[in-house]
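Engineer: requesting a structural model of the entry that follows:
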Amino acid sequence: CWAGVDRLAVEDVPDPALRDGQDMIVRVRQSVSCGSDLHLLAGHVPFMQAGDVLGHEFLGEVVEVGPEVRRHRVGDRVVVCSVISCGRCWYCRQGLFSCCDNGTADPELTERAWGSAPAGCYGYSHAMGGFPGSHAEYARVPFADQGAFTVPEGVSDDRALFASDAAPSGWMGAELGDVRPGDVVAVWGAGAVGQLAARSALLLGAERVIVIDRHGYRLALAERHLGVETVNVEHTDVQGELREATGGRGPDVCIEAVGAQAQPTGPQFLYDQLKQQLRISTERPLAVREAIHACRKGGSVFVLGLFVGFVDRFPLGAMMNKGLTVRAAQQHGQRYIPMLLERMARDEIRTEYLATHRLPLAEAAQGYRMFRDRTDDCVRVVLDPHAPG
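Structural biologist: Okay, here's the model as predicted:
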């Protein structure tokens, strides 16, 4: 699959088996595409190997448990956190689950690249442990008592599915971005993570939330389902619009939910794209730059979008002289998922509208092309591994 979306294939692989007493096997009921998968398929995460199974956001039914699993039994309907963590190391005890010391079996690669190894992640290259992903009929769940959560009765599969990754990512961006009652919050990116960050900001008390994107249909969904304000980068000057909306001050909190695949128009995009193609730089960080420049003095910027390497033209001077707090992380899902499932059960968080397309797993390649090209107003593609192809 590393060769790109156009050469993505669905093939038979061996069924997973228990490897450890803390493992369990889940029969996957739904697995969904994610924008960060496109970074893998485009080669921007250079740690994929031929035959790797994609997918990290999923829900299913427990079919086998290891002898040390205490919280789950065969037949349970569970949503599985995309991040694999042990729950016992120093980082997990601090609630920093995506920084787990024991979540990956092969830390050497990322220790060389990043200084320390993060937790593991399903279907997310050998930089994150090389774990087979969820675009399959069955998945092995390591540290099952820490990473899988029983779905409350009354919460549909379509809703609970997004508690695996998109909803905790969005909530983390708002919470660790320090959204407070009365704040004005700007969110770059109207995909699933950006929209759930916007919803989380509202639930944390933000007075106004402004979502920024270049796709009108995604902005329309945000307006219709969240009641937020929107800015289309194709039709207006983002910086000017945000200054006008905040009386010249700028948003209190800026959340970047785009990542390395940002696709603006103009010379900045061409510059970033050329450097990516020449392997001089690995990222296209335009949304991060915009967020830092837009944020009010003393405000907060949180980077949710995926980045894996180095960038240039980072506005360090703006960050320092404006007194900004800039944070970033992979999502600490185990910290948020139980609370998010409760909010889903109370109808405070609704995600079904984000699942715009449904396909059998056999048609995954077609789904990813649609997802990549944003055709047919695609936001997310849900794959059913057991539907007839």
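Engineer: sort out which residues of stretch 325-342 are buried, please.
Structural biologist: 326, 329-337, 340-341 (16 or more other C-beta atoms under 10 Å). Backbone N, C-alpha and C define where each C-beta goes, glycine included.
Engineer: endpoints of it, how far apart?
Structural biologist: 30 Å (C-alpha to C-alpha, to the nearest Å).
Engineer: what residue is smack in the middle of the chain?
Structural biologist: The centroid of the chain falls nearest to Ala166 when counting by C-alpha atoms, centre = their mean (4.9 Å).
Engineer: wait, that residue sits on Leu354?
Structural biologist: Yes: using C-beta atoms under 8 Å, Ala166 makes contact with Leu354 at a distance of 7.4 Å.
Engineer: just to revisit the earlier point, filter the buried residues of stretch 325-342 down to the ones in strands?
Structural biologist: Using DSSP state E, the subset of the buried residues of stretch 325-342 located in strands is Val326.
Engineer: quote the end-to-end distance of stretch 114-124.
Structural biologist: One end of stretch 114-124 to the other measures 16 Å (C-alpha to C-alpha).
Engineer: buried residues in that stretch?
Structural biologist: Buried-residue list, stretch 114-124, by 16+ other C-beta under 10 Å: 117-124.
Engineer: pull the most distant pair out of those.
Structural biologist: Across the buried residues of stretch 114-124, the longest distance by C-beta to C-beta is 17.5 Å; it joins Ala117 and Gly123.
Engineer: returning to what we had before: looking at the buried residues of stretch 325-342, which are in helices?
Structural biologist: When DSSP state H is applied, these are split such that 333-337, 340-341 fall in helices.
Engineer: mind putting those into TSV with pLDDT?
Structural biologist: TSV is the format used below for those (pLDDT from 0 to 100):
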residue	pLDDT
Gly333	97
Gln334	97
Arg335	97
Tyr336	98
Ile337	98
Leu340	98
Leu341	98
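Engineer: burial measure for the nearest residue to Pro285 once chain neighbours are set aside, as a count.
Structural biologist: Spatial nearest neighbour of Pro285, chain neighbours left out: Val311 (4.6 Å); criterion: C-beta to C-beta, 6 or more residues apart in numbering. The number of residues packed near Val311 is 16, by other C-beta atoms under 10 Å.
Engineer: how about Glu153?
Structural biologist: 7.
Engineer: please identify the helix or strand for it.
Structural biologist: Using DSSP states H and E, Glu153 sits within no helix or strand.
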